[in-house]
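Trainee: Kindly return the folded structure for what I paste below:
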Amino acid sequence: MGLLKEALPKLCKSKQDLLNFFQGAGVSREALKPYQRLLAEKKDEFNKYHVTRDLLVMLNERGEAGLGERRALLRRVTDTEDYSGCWENDRAAAIGLVAQIRAMVDVKDSFTRMKNDRDSETRKRRAAQDAALAAAAEKKRRIQAVRDDFYALFGAKDPHKRGKDLERVLNALFAAYGVLVREAFTVKSIGSEGIVEQIDGLIELEGTLYLVELKWWATSIGVAEIAPHLVREFSRGGQARGIFISYSPYSEPAIAQCRDAIAQGAVIVLCKLEEIVRVLDSDADLPSVLKAKVQSVIADKQPFVAVASA
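Mentor: Numbering: from 1, shown residues only. This is a model prediction of the structure:
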């Protein structure tokens, strides 16, 4: 403010030049009218320094409404390159004052840019947090919907329909946890054999594909039920692993068959449906539970290990 009070009268040789300078910065003719009248009627009482002070005070008092004019005024001052319009005695002082104002504006602009950058970072961070909260809420809603559908299966009377519904519900559960899912599909022979494989589902866990088999039987799962799933896995040349999910328990021969398959390079995970129930009841992370079971297969050669929900 002090620098502008000193600089503007020196930059403007005549009194009219001073008013024109303010008008060029957007100050209205109405605001300048009293000073135009003073200049016309009592020119000797028109003091460039007093008028500059009054107009700057007026612009400051307008607050946000006068922001555009204040910025335009500063821009006109800092853009000054030609000082030929100054009185000879004022020229050196005008150059020095403009240099000081430029330096102050640069500092202010630097702080403004830093503040804007900080504000932008804060907004981005807040937006990311809001998005994460919204995603978590949506995930929780989807899991709750799957939980309700899953628990409803235990009251189903038609075993065939219940098995089909189990495929749908578990696929929805995997999807709710962000696991990529391909629902039940068949593999057909190139020749005339027709369908040669019926696969309940396919999921991707840490970049690896897992063939999923589901069984809701009253009797235990034996070698005859496990063997076809192992054949499907081996027939893919090690490019896929297997997950078998069963309502009923696994027989010891079935578990032993899986251990033998592991020794031959297979990765087969045996899972009980009640483990899925525990995941849902404890709000645990399903992918983490499955990863822990996969680690037991690879590290300990144990296809069926109950993992605490995490």
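Trainee: drop to CA atoms for contacts and neighbour counts, all remaining ones
Mentor: Fine.
Trainee: Map the structural domains onto the sequence of this protein.
Mentor: 2-114, 156-300 (automatic domain parsing).
Trainee: How far away from the center of its chain is the longest one?
Mentor: Which is domain 156-300. 33 Å (CA atoms, centre = their mean, to the nearest Å).
Trainee: among the domains of the chain, which is nearest Ala134?
Mentor: domain 156-300 (13.9 Å; CA to CA).
Trainee: So in the protein, where's the weakest helix or strand by average pLDDT?
Mentor: Across the helices and strands of the chain, mean confidence by mean pLDDT, DSSP states H and E is lowest for strand 180-188: a mean of 58.
Trainee: Show the subsequent helix or strand relative to that one.
Mentor: strand 195-205 (DSSP states H and E).
Trainee: mind listing the strands for the chain?
Mentor: Ranges of strands in the chain, per DSSP state E, are 180-188, 195-205, 208-215, 240-246, 268-272.
Trainee: So which bits of the third one are buried?
Mentor: In terms of neighbour count (16 or more other CA atoms under 10 Å), strand 208-215 has its buried residues at 209-215.
Trainee: could you dump the domains of the chain to CSV with distance to Glu138?
Mentor: Shown next, in CSV, are the domains of the chain (distance: least, CA to CA, whole Å):
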stretch, distance to Glu138
domain 2-114, 36
domain 156-300, 9
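Trainee: give me the low-pLDDT residue ranges for the stretch 151-300 of the chain?
Mentor: 183-197 (pLDDT under 70).
Trainee: Number of residues surrounding Ile268?
Mentor: A count of nearby residues for Ile268, using other CA atoms under 10 Å, gives 30.
Trainee: just checking, Ala7 touches Leu97?
Mentor: Yes: between Ala7 and Leu97 there is a contact at 5.7 Å, judged by CA atoms under 8 Å.
Trainee: helices or strands next to the longest helix belonging to the chain in the packing?
Mentor: As assigned by DSSP state H, the longest helix anywhere in the chain is helix 88-152. Packed against helix 88-152, as judged by 3 or more CA pairs under 8 Å, 6 or more residues apart in numbering; DSSP states H and E, are the following elements: helix 2-11, helix 67-78, helix 159-176.
Trainee: Quick one: closest of the ones you listed to Gln129.
Mentor: So among the helices and strands packed on helix 88-152, helix 159-176 is nearest, using CA to CA, at 19.8 Å.
Trainee: Alpha carbons of the closest one, as PDB, please.
Mentor: The C-alpha coordinates for helix 159-176 follow below in PDB (Å, rounded to 0.1, in the frame of the first residue of the first chain):
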ATOM      1  CA  PRO A 159     -30.900 -79.800  -3.300                       C
ATOM      2  CA  HIS A 160     -30.400 -79.200  -7.000                       C
ATOM      3  CA  LYS A 161     -31.700 -75.600  -6.900                       C
ATOM      4  CA  ARG A 162     -29.600 -75.000  -3.700                       C
ATOM      5  CA  GLY A 163     -26.500 -76.200  -5.500                       C
ATOM      6  CA  LYS A 164     -27.100 -73.800  -8.400                       C
ATOM      7  CA  ASP A 165     -27.900 -70.900  -6.000                       C
ATOM      8  CA  LEU A 166     -24.700 -71.700  -4.100                       C
ATOM      9  CA  GLU A 167     -22.700 -71.100  -7.300                       C
ATOM     10  CA  ARG A 168     -24.400 -67.800  -7.800                       C
ATOM     11  CA  VAL A 169     -24.000 -66.600  -4.200                       C
ATOM     12  CA  LEU A 170     -20.300 -67.600  -3.900                       C
ATOM     13  CA  ASN A 171     -19.500 -65.900  -7.200                       C
ATOM     14  CA  ALA A 172     -21.200 -62.800  -5.900                       C
ATOM     15  CA  LEU A 173     -19.200 -63.100  -2.700                       C
ATOM     16  CA  PHE A 174     -15.900 -63.300  -4.500                       C
ATOM     17  CA  ALA A 175     -16.900 -60.300  -6.600                       C
ATOM     18  CA  ALA A 176     -17.800 -58.300  -3.500                       C
END
